[in-house]
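Trainee: curious how this folds, go ahead:
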Amino acid sequence: ALLAQSGTFPVLSGETVTGERISLPADISHNWTLVGIAFSKKAQPLLEEWYEPTYLRYVAKHGLFARAHDADIFFVPLFVGLNKAAYEPSMNKFRKSASPEIVDHVLFSKDDLDGLQDALEMKDKDLPYFFVLDSLGHIVHRTRGAFSETKLDAIEEVLLGE
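Mentor: Now for the predicted structure:
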């Protein structure tokens, strides 16, 4: 498991609904960056469950230790294979429905899944995956699946541990 924790996050690029192009980990400007990735229709709603609580704790800075860490966050719906056709409609739907605070933290991507899936060991397409990156783009923590306070607390422990 230690091996899976280490390593540098592979290049992942996409765009926000406002048209800003972002490439990770190159565009990291904070001490910590949280990246959530979903690459199937089934994983997408699970990823969306993370939006608000994660945003509130790490970006809007609500909570006990909120001021203690300098973190940014990106949620990445990855459109692959036949799902690529849903890229524009999904982005347009999100543009209309998303809360304004979260808009800049969702990165729509059509990057190649194979390389990412191998590099990040994302085996189960029905789950979202989360990675905590340091300022150099190294993976220091990972988790996957549905949102839980326990998982959010574990991420926070990593952010406060440095």
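Trainee: show me which residues of whatever helix or strand residue 96 lives in are buried.
Mentor: Assigned by DSSP states H and E, residue 96 belongs to helix 87-97. For helix 87-97, a neighbour-count test (16 or more other Cβ atoms under 10 Å) marks 87, 90-91, 94 as buried. For glycine as for every other residue, the C-beta is placed from the backbone atoms N, C-alpha and C.
Trainee: what about the longest helix in the protein?
Mentor: In the chain, assigned by DSSP state H, the helix with the most residues is helix 43-58.
Trainee: and the contacts of it?
Mentor: Contacts with helix 43-58, where a contact means Cβ atoms under 8 Å, 6 or more residues apart in numbering, come from 34, 36-38, 62-63, 66, 69, 71-73, 75, 77, 99, 101-102, 105-106, 125-128, 130, 145-147, 149, 152, 156, 159.
Trainee: ok, 6 Å please
Mentor: By Cβ atoms under 6 Å, 6 or more residues apart in numbering, the residues outside helix 43-58 that reach it are 36, 38, 62-63, 71, 73, 75, 77, 102, 126-128, 146-147.
Trainee: again, but for stretch 110-122
Mentor: 4, 10, 12, 39, 79-80, 84, 87, 129.
Trainee: need those in JSON lines (columns: distance to residue 54).
Mentor: Shown next, in JSON lines, are those (distance: Cβ to Cβ, whole Å):
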{"residue": "4", "distance to residue 54": "21"}
{"residue": "10", "distance to residue 54": "22"}
{"residue": "12", "distance to residue 54": "18"}
{"residue": "39", "distance to residue 54": "18"}
{"residue": "79", "distance to residue 54": "21"}
{"residue": "80", "distance to residue 54": "23"}
{"residue": "84", "distance to residue 54": "26"}
{"residue": "87", "distance to residue 54": "23"}
{"residue": "129", "distance to residue 54": "13"}
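Trainee: for those residues, which single residue is the most surrounded?
Mentor: Highest neighbour count within those: residue 39, with 26 neighbours (other Cβ atoms under 10 Å).
Trainee: name the nearest residue to that one, sequence neighbours excluded.
Mentor: Nearest residue to residue 39 in three dimensions, chain neighbours excluded: residue 78, at 4.1 Å (Cβ to Cβ, 6 or more residues apart in numbering).
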